[in-house]
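Asks: Got a predicted model here, sequence first, then my questions.
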Amino acid sequence: MPWEIPKVEYTGKIREVTLGTGDKAVTVGGETAYPFHVFEGDFPHSVVISYEVPDREPVEWPDPVKEPFKDVLKSPADWAKKCVEEWGAKLITLQLTAIDPHGENLSVDEEMKIVEEVLKAVDIPIIFWGCDDVEKDAQVLRKIAEIAEGRNIALGPVVDKNYKLIGATAIAYKQVVIASTPIDVNLAKQLNILLLDLGVPEDKILMDPTTGGLGYGIEYTYSVMERDRIAALVQQDDKLAFPMICNLAREIWKTKEAGLKEEEFPELGKQEDRGIMMEAITAVLLALAGANILIMRHPRAIKLVGELIEEMIK
């Protein structure tokens, strides 16, 4: 008697969300089974990796992760072009760190100059990620939505304290919003409902469950993402049936394990390899938990994860 793989009965489907326009557009979601359960359902779109691009020179980054970008560290536009031309990026994320009121505190107008340069430099889809200050993010992301009209960009993080301002502007200019909540299924569902009630279309919402770094933090993230997918695919909870995005690189490369120099701690091995493996392992775990978009930093880590995802999909 032949052995058959037990199969789960799925009644839900993850919505599809498209970023960008034309032949460079990227679509995520659409799956009808748990992540990579290709024997149980359909996976019309693969996991997409977005190359991280900072809006200022990242002086605080460890040297090994700055090395691949040493010739473009001072120019976000050139950095974005390098990701496309040298590594074939299909999606990039501009991290808006310079607008942080507790840091450089660039004005909206100053930041818009950087944003416009990046928009002109590349024609692939772009995600714009704020500094996690509710008021400043609302000011900057609303302006970006306006000047990027027609590009179908993504704006985040959108939280419960600024969703009306950013959401309304995103509706007006037909942009995608990233609903961000702190590692909690109920909070994620609640914010999605608020955005839908506001009038944000179903195909214009991505979920950010908040990403923890490799270690204790990843356990919380993984379990919540897993429960999100169970609710959406098995329990028919369509308020959680949105693609998920994970902004993971910034969490990995600020850990002490990625930052400790090998000459000071030789027992930990080569610093570059250590950081790359931490980023790659975290990305794979998040993909297995249901992430549709992974925001990553080091080209070698991206290559490793991309190859593994391709094999798993096959």
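Replies: Nice, thanks for sending it over.
Asks: Could you count how many residues lie near Lys314?
Replies: Lys314: 6 surrounding residues under other CB atoms under 10 Å. No exception for glycine: its C-beta is placed from N, CA and C like everyone else's.
Asks: That should have said Glu31, apologies.
Replies: When counting by other CB under 10 Å, one arrives at 27 neighbours for Glu31.
Asks: For the helix or strand bottoming out on mean pLDDT in the chain, which helices and strands make contact with it?
Replies: The weakest-scoring helix or strand in the chain, judged by mean pLDDT, DSSP states H and E, is helix 256-259 (a mean of 84). Using 3 or more CB pairs under 8 Å, 6 or more residues apart in numbering; DSSP states H and E, the elements in contact with helix 256-259 are helix 271-289.
Asks: List the buried residues of the least confident helix or strand of the chain.
Replies: For helix 256-259, a neighbour-count test (16 or more other CB atoms under 10 Å) marks Glu257, Ala258, Gly259 as buried.
Asks: Next: stretch 253-267.
Replies: For stretch 253-267, burial by neighbour count (16+ other CB under 10 Å) applies to Trp253, Thr255, Glu257, Ala258, Gly259.
Asks: where does the stretch 151-300 of the chain have low pLDDT?
Replies: 216 (pLDDT under 70).
Asks: Helices of that one, start to end?
Replies: For the stretch 151-300 of the chain, the helices defined by DSSP state H, counting those that start in this stretch occupy 163-173, 185-198, 216-233, 249-252, 256-259, 271-289, 299-313.
Asks: Now find how far off-centre the last one is within its chain.
Replies: Its chain's average C-alpha position is 16 Å from that of helix 299-313, according to CA atoms, centre = their mean, to the nearest Å.
Asks: Packing partners of it?
Replies: strand 48-54, helix 271-289, strand 291-296.
Asks: can you redo the ones you listed as TSV with mean neighbour count and distance to Lys13?
Replies: Compiled in TSV, the helices and strands packed on helix 299-313 are given as follows (neighbours: other CB atoms under 10 Å; distance: least, CB to CB, whole Å):
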stretch	mean neighbour count	distance to Lys13
strand 48-54	24	18
helix 271-289	22	18
strand 291-296	26	13
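Asks: Let's have the ones you listed in a markdown table, adding distance to Gly12.
Replies: A markdown table is the format used below for the helices and strands packed on helix 299-313 (distance: least, CB to CB, whole Å):
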| stretch | distance to Gly12 |
| --- | --- |
| strand 48-54 | 21 |
| helix 271-289 | 17 |
| strand 291-296 | 15 |
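Asks: To Gly199, which of those lies closest?
Replies: Closest to Gly199 of the helices and strands packed on helix 299-313 is strand 291-296 (CB to CB; 23.3 Å).
Asks: List of residues touching that closest one?
Replies: With CB atoms under 8 Å, 6 or more residues apart in numbering as the test, strand 291-296 has contacts from 14, 28-29, 45, 47-52, 91, 93, 127, 129, 206, 225, 243-249, 279, 283, 286-287, 302, 305.
Asks: Then stretch 99-115?
Replies: In contact with stretch 99-115 (CB under 8 Å, 6+ apart) are residues 55-56, 76-77, 94, 96-98, 128, 130-133, 136-137, 139-140, 143-144, 147-148.
Asks: Of the residues you listed, keep whichever come out buried.
Replies: Buried residues within the contacts of stretch 99-115, counting neighbours by 16+ other CB under 10 Å: 55-56, 76-77, 94, 96-98, 128, 130-131, 133, 136-137, 139-140, 143-144, 148.
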